[in-house]
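# Turn this into a structure:
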Amino acid sequence: ADAAYAVFAPEQRHPVEVAAADQPHLQAWLSRRLARTLTIPSLDEYGFALLGGRLLVGDAGPAAQLMYQNAAGERLTLYITPAAPASASLGLLRQADRRTYYWAGGGAGYALSGQLGEARLRAIAGDVCASLGGHPEAWR
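Next up, the predicted model:
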């Protein structure tokens, strides 16, 4: 997830394969490829709009990356893989100026990556986790 963020977030011309303007297609395509119903969370309350998404190769097969951007040009990515441990624990990866909060739940793995402060990224990750049916209160 962190490497995918590092590769695609700086991309100006081709940050995503399918743009947000075609969100129904994006959701159906990634759901089909991941063999699970994919939910695309809204990050509007944090000032981030969906740019779109792409299909990636994960450790155990296909993975999805959704990309969001705010008015200042900051980007976040949500990485989703259908194969994940049963644990719903939270982890944090720090790499250079990037941060990635990751968790698993409901048979899927998720990671939210960005260059925001840890507290802000954690708050967004908690809301994303909750919107996807997870239990972020377990992180406390």
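
# In the helix or strand of the chain with the lowest mean pLDDT, which residues are buried?
For the chain, counting by mean pLDDT, DSSP states H and E, strand 90-95 ranks last in confidence among helices and strands (a mean of 88). Judged by neighbour count (16 or more other Cβ atoms under 10 Å), strand 90-95 contains these buried residues: residue 90. C-beta: built from backbone N, CA, C; applies to glycine.

# From the contact counts, what lies against the longest helix seen in the chain?
Longest helix in the chain by number of residues, with DSSP state H as the criterion: helix 118-131. Here helix 118-131 touches strand 75-81, strand 90-95, strand 98-105, strand 108-114, going by 3 or more Cβ pairs under 8 Å, 6 or more residues apart in numbering; DSSP states H and E.

# Put together TSV for those strands, with distance to residue 16 on each row.
Output for these, formatted as TSV (distance: least, Cβ to Cβ, whole Å):
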stretch	distance to residue 16
strand 75-81	10
strand 90-95	22
strand 98-105	18
strand 108-114	15
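
# The least confident helix or strand of the chain vs helix 118-131, what angle?
Angle, strand 90-95 to helix 118-131, by axes from the mean of the first three to the mean of the last three Cα atoms, to 10 degrees: 140 degrees.

# Verify the contact between residue 34 and residue 60 for me.
No. With contacts counted by Cβ atoms under 8 Å, residue 34 stays clear of residue 60, the gap being 10.9 Å.

# joint contacts of these two?
Jointly contacting residue 34 and residue 60 under the rule Cβ atoms under 8 Å, 6 or more residues apart in numbering are 81-82.

# re earlier: can you say which of the helices and strands packed on helix 118-131 is nearest to residue 24?
The closest of the helices and strands packed on helix 118-131 to residue 24 is strand 75-81. By Cβ to Cβ, the value is 17.4 Å.

# Let me know the pLDDT of the nearest residue to residue 97 once chain neighbours are set aside.
Of all residues not flanking residue 97 in the chain, residue 115 sits nearest, at 5.3 Å (Cβ to Cβ, 6 or more residues apart in numbering). Per-residue pLDDT puts residue 115 at 97.
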